[in-house]
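Trainee: have a look; sequence and predicted model below, questions after that.
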Amino acid sequence: MTEILSALIAWVEWVITEAGYPGLVLAMLLETVFPPIPSEAILPFAGVLTRRGVFDLWGVVIAATIGSVAGAGLLYALGRWVEDHILITAVRRYGRWIGLTEAALERALNAFERHGWVAVFLGRLLPGLRSFISIPAGMARMKLSTFLAATTLGSALWNTVFAALGWALGDHWESALHWLALYEEAILLVAAGLVVIYALWRLTRRATDTGAPPSAPA
């Protein structure tokens, strides 16, 4: 565990201990907006406090989910702002260099708007994506009620699991960090593998299209 992570965990413990549920809301909001603050340290510690009678387990889940959704809402708003002021302009100017057109971008964003609630829900369960998944949701102008519902469900599930883990482990809650690190590594390996597979598929498809014989004239 790095010195920075240790300092962040110590700060989180102090905020939660001193401020109670409002402190937990604040910690989870900051964790969502600033991912280096680890929810996997916040939630198990809060779970330990429920075991000691300081908090109620469902109170922890509710407070943590409120903070998570509030932070995700800020990133969603950022995504809407980026879509309006930056992304479209960048695609118009430079998209042709990477084969991306404004029409293709619009189709991708529309697809995310139709089916993105699944991505948002699952993204809230994946380290590394938990925060950033809110930005493309905003960029795609996903319906706010749909975004909030998917974010709330995913966040509540994540928060329940790790708060309960802290309650179960008691004073040994920091051992959960080891297992989460393994989980994060596995997720990153799977994601990297999918990216490689997709890149190879694109290259193969492009080579096939390039080498295809021209169609006979009608």
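Mentor: Great, that's in hand.
Trainee: list the buried ones in the helix or strand hosting residue 161?
Mentor: Assessed by DSSP states H and E, residue 161 sits inside helix 144-169. Under the neighbour-count criterion of 16 or more other CB atoms under 10 Å, helix 144-169 has 147-148, 150-156, 158-160, 162-167, 169 buried. Quick note: C-beta positions are derived from backbone N, CA and C, even for glycine.
Trainee: can you check stretch 134-141 too?
Mentor: 134-141.
Trainee: name the nearest residue to residue 16, ignoring sequence neighbours.
Mentor: Spatially, and ignoring its direct neighbours in sequence, residue 16 is nearest to residue 23 (4.8 Å; CB to CB, 6 or more residues apart in numbering).
Trainee: neighbours of that neighbour, just the number please.
Mentor: 20 (other CB atoms under 10 Å).
Trainee: residues in contact with it?
Mentor: Listed by CB atoms under 8 Å, 6 or more residues apart in numbering, the contact set of residue 23 reads 15-17.
Trainee: against residue 123, how distant is it?
Mentor: Separation of residue 23 from residue 123 (CB to CB, to the nearest Å): 26 Å.
Trainee: got a pLDDT number for residue 84?
Mentor: Among the per-residue scores, residue 84 holds a pLDDT of 60.
Trainee: kindly report the same for residue 171.
Mentor: 68.
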